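[1] sequence unavailable; structure follows:
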């Protein structure tokens, strides 16, 4: 009797289809990363259509990464408890529905809600997909090859997101940067049951309270920083929100100490390099994401590039990252070690940001954008994978899943908080310049320059921590 391809299949059959399954899982990783980058060149169009403020634009990005970062650990825990395939499919169902909401958004609140729900779906997809990748390959050579494709799909997602975002915004509308997820999601859901085996489950409880308190604390902290420019840094609103955020994080840590099955067992922080490595990864994100965010705005709002041309201008940077990560970073780490490459990458990224901090309002692509962006690509390519390795280098085999989740969480949290802080600094500088009589374009460009310089300062701090706190383990 012929087997129905839509029905669940056993593990041996699934193993025989492992390369087809890998293609499906890499598609998932591609979508998760693409959703962080595809909105960049669409920001000015969204601002004009829905009436966002300049500082409010960051919430289109932050709503996604905050929920993604806040629920990644919960996604990994659910995957252990209920099976990776089931959680993977839950994630894509949520992502597809959220993409429809975001694509049909008629207000800031609706779009931000859609983006937050996209982040929740991706938080379920990412850890489950990686678990499924590792479960399908047993031969060490195949594992390394599979992870190479996995890493390349992430880099390709970032690159394609920039280009596709420009093309879609230019030729269709910004709505389609979200709606494009729906047909992909439906295809993934259709083939998941025939290509992915169910996997094992475990007994235990879900620390939903821990995830909620951690995410709520992060959201309030970011909102307090974003709104501080208007309300005032010493205002009751800003101080109150930051105070409540601190209380929520304290409650989170108390929960982790007392829970039998905590979201984050605090003993994990005794692992060598884990704390310093996660801090470096958070600072890397806090400097890299503002570079990408403000470079998009500079190209369109200062140089008057169209959305499509802005995407083309950023393509050399993202393609370089993909090429360098897949082809060279692993070899360099094997030869020089993760610490040396991490520091070299952070120094290169700092230099890139300092170059961008001098961009003039009448700059050119070849002189002011391309060289600095390629230097930034080198920096990110050298730093990201070694930073991840450093964070997990001291973890025991049974701790690697949690350590991996913490690295991803630190990166996403650093993205959100770093962007919030630097947007506030940039907006304050722009307002100061306007009150002193500068033209709108000069004031805006001055704000961009300040943003790049602030990101460079954050990157310098990461260099210092990497140099003095991360150790090369034998």
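    Here it is on my side, so go on. Since this is a predicted model, take the numbers as computed values, not measurements.

[2] and stretch 100-108, which residues are buried?
    If you call a residue buried by 16 or more other CB atoms under 10 Å, then stretch 100-108 has these buried ones: 100-103, 105, 108. C-beta: built from backbone N, CA, C; applies to glycine.

[3] what does that stretch rub up against?
    Contacts to stretch 100-108, defined as CB atoms under 8 Å, 6 or more residues apart in numbering, come from residues 50-52, 56, 59, 110-111, 113-115, 117-118, 175-179, 182.

[4] could you flag which of the residues you listed are buried?
    Buried, going by 16+ other CB under 10 Å: 50, 52, 56, 59, 111, 113-115, 117-118, 175-179, 182, out of these.

[5] tell me the two of the residues you listed that are most distant?
    Greatest spatial distance in the buried ones among the contacts of stretch 100-108: 56 and 182, 25.9 Å, computed using CB to CB.

[6] about what we covered before: now flag whichever of the buried ones among the contacts of stretch 100-108 is closest to residue 468.
    Using CB to CB, residue 59 comes nearest to residue 468 of those, at 35.3 Å.

[7] with adjacent residues omitted, what lies nearest to that closest one?
    Spatial nearest neighbour of residue 59, chain neighbours left out: residue 112 (5.2 Å); criterion: CB to CB, 6 or more residues apart in numbering.

[8] so residue 45 makes contact with residue 169?
    Yes. With contact defined as CB atoms under 8 Å, residue 45 reaches residue 169; the gap is 5.3 Å.

[9] overlap of the contact sets of these two?
    Residues touching both residue 45 and residue 169 (CB under 8 Å, 6+ apart) are residue 307.

[10] the two - which one has more neighbours?
    Between residue 45 and residue 169, counted using other CB atoms under 10 Å, residue 169 has the larger neighbour count: 27 against 18.

[11] show me what contacts the more buried one?
    Applying CB under 8 Å, 6+ apart, the residues near residue 169 are 41-42, 45, 177, 307-308.

[12] name the element it belongs to?
    helix 140-171 (DSSP states H and E).

[13] give the next helix or strand downstream of that helix.
    helix 176-179.

[14] that older thread, and for the residue nearest to residue 59, the neighbour number?
    Residues lying near residue 112 (other CB under 10 Å) number 20.

[15] touching, residue 352 and residue 381? I think so.
    No. Contact criterion CB under 8 Å: residue 352 and residue 381 do not qualify, at 11.7 Å.

[16] list the buried residues for the helix or strand hosting residue 187?
    According to DSSP H and E, residue 187 maps onto helix 181-195. For helix 181-195, the neighbour count (16+ other CB under 10 Å) marks 181-182, 184-185, 188, 191-195 as buried.

[17] switch those over to a markdown table; also include distance to residue 223.
    Below are these laid out as a markdown table (distance: CB to CB, whole Å):
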| residue | distance to residue 223 |
| --- | --- |
| 181 | 26 |
| 182 | 29 |
| 184 | 31 |
| 185 | 29 |
| 188 | 33 |
| 191 | 39 |
| 192 | 36 |
| 193 | 40 |
| 194 | 43 |
| 195 | 41 |
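
[18] quick check, nearest of the residues you listed to residue 363?
    residue 181 (34.1 Å).

[19] list the contacts for that closest one?
    Contact partners of residue 181, counting by CB under 8 Å, 6+ apart, are 31, 35, 95-96, 99, 118.

[20] let's see that with 10 Å instead.
    31, 34-35, 38, 92, 95-100, 102-103, 118, 121, 188 (CB atoms under 10 Å, 6 or more residues apart in numbering).

[21] check residue 93 too.
    By CB under 10 Å, 6+ apart, the neighbours of residue 93 are 121, 124, 185-186, 188-189.

[22] of all those residues, which two lie farthest apart?
    Taking CB to CB as the measure, the contacts of residue 93 span a maximum distance of 16.8 Å, between 124 and 186.
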